[in-house]
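> need coordinates for the following:
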Amino acid sequence: MYPMAPLVRTVLNTAARAAPGPAGRLAFHLFVRPLGRAALRPAEQELFAAARTGRTRVRGKEAVTYAWGDGRRPVLLVHGWSSRASRLAAFAGELLERGYSPVAFDVPGHGAAPGRASNILEYRDIIRELHERHGGFDAVLAHSFGVLAALFTLRDGLRADRFVGLGGVGSFDLLTDGFRQGLGVGERVILRMREHVERHLAPDEPGIWDRFGADRAPAALDGPALFFHDEGDDMVPLAHARLLARIHGDRARLVITRGLGHRRILTDPAVVAEAVAFLTGGEPPADARPATPVDAGAA
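Below is the predicted model:
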């Protein structure tokens, strides 16, 4: 729930008609502000204390980067909204043990990065920078909004041999619909927000709004994709996962779990084992299956 939603709703709905510019700007600032800042958990501290930590500038803001290993076979980890890189520690640790070099980051306003907000274009710029710095990625693993951002970047020139998405957002339209319904604002407010993004954030990229969602065009994946999603995910509806699997066709597999929700799916030992095995081109242990899989295969 957004703070002061009734007042904000009235202001936005009125301004969308009388003052389109300010309405779009205000809606955008609300849309890109995380709902709280996730803290580093005790179980994540040792791994992140051992990381090579750096900083990079993105659109006038600062992001924090993390890297482990000797630099060979880098794998990018992309966190979700109102989250942080450390939530992917289980995957980073397993990849490191297998001789891979995990790479992760906190976008502005998240984790250890200063600031109050971020957006999909900043995700893209950070991923591009890391892609250049590390000489490409063997694979990419992403969670939640990070799935949408990573696939958007993959369509924009980044390449990866394999892709894993967990609890992923697939449709930008479904995302903005959730924002609109959460505030109780009209469609006109979303239109004003779109105008703000296209005129002020990406004026040199006409029609960029239509390229945000994975449902607009499948990412240019060089290899197979594996998607995990819990049937009881209370943050991202299962429809997103089915969409992602469908648009990537034969190269994608969807595993639907039960009882892991949106967050526990990141620490479930069986999910971690199968995801890491897939990322590294191997096979998971025979007894490692995601907790109570209810569906597995092409969607």
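
> show me the protein divided up by domain.
1-31+172-211, 38-170+213-297 (automatic domain parsing).

> tell me which of these sits most buried.
domain 38-170+213-297 (a mean of 20; mean count of other Cβ atoms under 10 Å). For every residue, glycine as well, the C-beta is placed using N, CA and C.

> which intervals of the protein have sub-threshold pLDDT?
1-9, 15, 216-222, 283-299 (pLDDT under 70).

> quick one: the strands in it, in order.
52-58, 61-67, 74-78, 101-106, 137-143, 160-166, 225-230, 252-257, 295-297 (DSSP state E).

> which stretch among these comes nearest Pro114?
Proximity to Pro114 (Cβ to Cβ) singles out strand 61-67 among the strands of the chain, at 5.5 Å.

> then the closest one to PDB, C-alphas only?
Backbone C-alpha positions of strand 61-67 (Å, rounded to 0.1, in the frame of the first residue of the first chain) are rendered in PDB as follows:
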ATOM      1  CA  LYS A  61      23.400   7.900  -9.300                       C
ATOM      2  CA  GLU A  62      25.600   5.300  -7.600                       C
ATOM      3  CA  ALA A  63      25.300   1.500  -7.700                       C
ATOM      4  CA  VAL A  64      27.300  -1.000  -5.700                       C
ATOM      5  CA  THR A  65      28.800  -4.000  -7.500                       C
ATOM      6  CA  TYR A  66      30.100  -7.300  -6.200                       C
ATOM      7  CA  ALA A  67      32.300 -10.000  -7.700                       C
END
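
> what's next to it, contact-wise?
The contact list for strand 61-67 (Cβ atoms under 8 Å, 6 or more residues apart in numbering) reads 48, 51-57, 74, 85, 101-108, 111-115, 118, 122, 126, 130, 134.

> direction included, what does it pair up with?
strand 52-58 (antiparallel), strand 101-106 (antiparallel) (DSSP bridges).

> OK, contacts around Arg73?
Contacts of Arg73 by Cβ under 8 Å, 6+ apart are Gly99, Tyr100, Ser101, Asp138.

> can you pull the phi and psi angles for it?
phi 50, psi 60 (degrees, to the nearest 10).

> would you quantify the distance from it to Phe172?
31 Å (Cβ to Cβ, to the nearest Å).

> also Ile247?
Taking Cβ to Cβ, one finds Ile247 at 13 Å from Phe172.

> what's near enough to touch Pro224?
Taking Cβ under 8 Å, 6+ apart, we find Pro224 in contact with Arg162, Phe163, Arg251, Ala252, Arg253, Phe278.

> identify the residue nearest the third one in space, chain neighbours excluded?
Just to be clear, that refers to Arg251. Pro224 (4.9 Å; Cβ to Cβ, 6 or more residues apart in numbering).

> next: the second one.
With Cβ to Cβ, 6+ apart as the measure, Ala225 is the residue that lies nearest to Phe163, at 4.3 Å, once sequence neighbours are left out.

> now do Ala275
Val164 (4.9 Å).

> repeat for Ala27
Of all residues not flanking Ala27 in the chain, Met193 sits nearest, at 4.1 Å (Cβ to Cβ, 6+ apart).

> residues touching that neighbour, list them.
Gly24, Ala27, Phe28, Phe31, Thr176.

> please report how far the residue nearest to Phe163 lies from Val78.
Ala225 is 14 Å from Val78, where distance means Cβ to Cβ.

> so who does the residue most central in space within the chain touch?
Centroid check for the chain by Cα atoms, centre = their mean gives Gly146 as the closest residue, at 0.6 Å. Applying Cβ under 8 Å, 6+ apart, we find Gly146 in contact with Val78, His79, Gly80, Trp81, Ser83, Tyr123, Gly168.

> got the contact list for the fifth one?
If you count contacts by Cβ under 8 Å, 6+ apart, Ser83 has them with Ala38, His110, Gly111, His143, Ser144, Gly146.

> look up phi and psi at the third one.
Which is Gly111. Note on Gly111: its backbone torsions stand at phi 60, psi -130 [degrees, to the nearest 10].

> quick one, phi/psi of the closest residue to it other than its chain neighbours?
Leaving out its chain neighbours, the residue that sits closest to Gly111 by Cβ to Cβ, 6+ apart is Arg84, at 3.0 Å. Torsion angles at Arg84 (phi, psi; degrees, to the nearest 10) stand at phi -160, psi 160.

> quick one, helices of the stretch 51-200 of the chain?
89-97, 120-134, 145-154, 172-183, 187-196 (DSSP state H, counting those that start in this stretch).

> now render the ones you listed as CSV, adding distance to Gly207.
Output for the helices of the stretch 51-200 of the chain, formatted as CSV (distance: least, Cβ to Cβ, whole Å):
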stretch, distance to Gly207
helix 89-97, 34
helix 120-134, 14
helix 145-154, 13
helix 172-183, 13
helix 187-196, 10
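
> I'm done for today, thanks for sticking with me.
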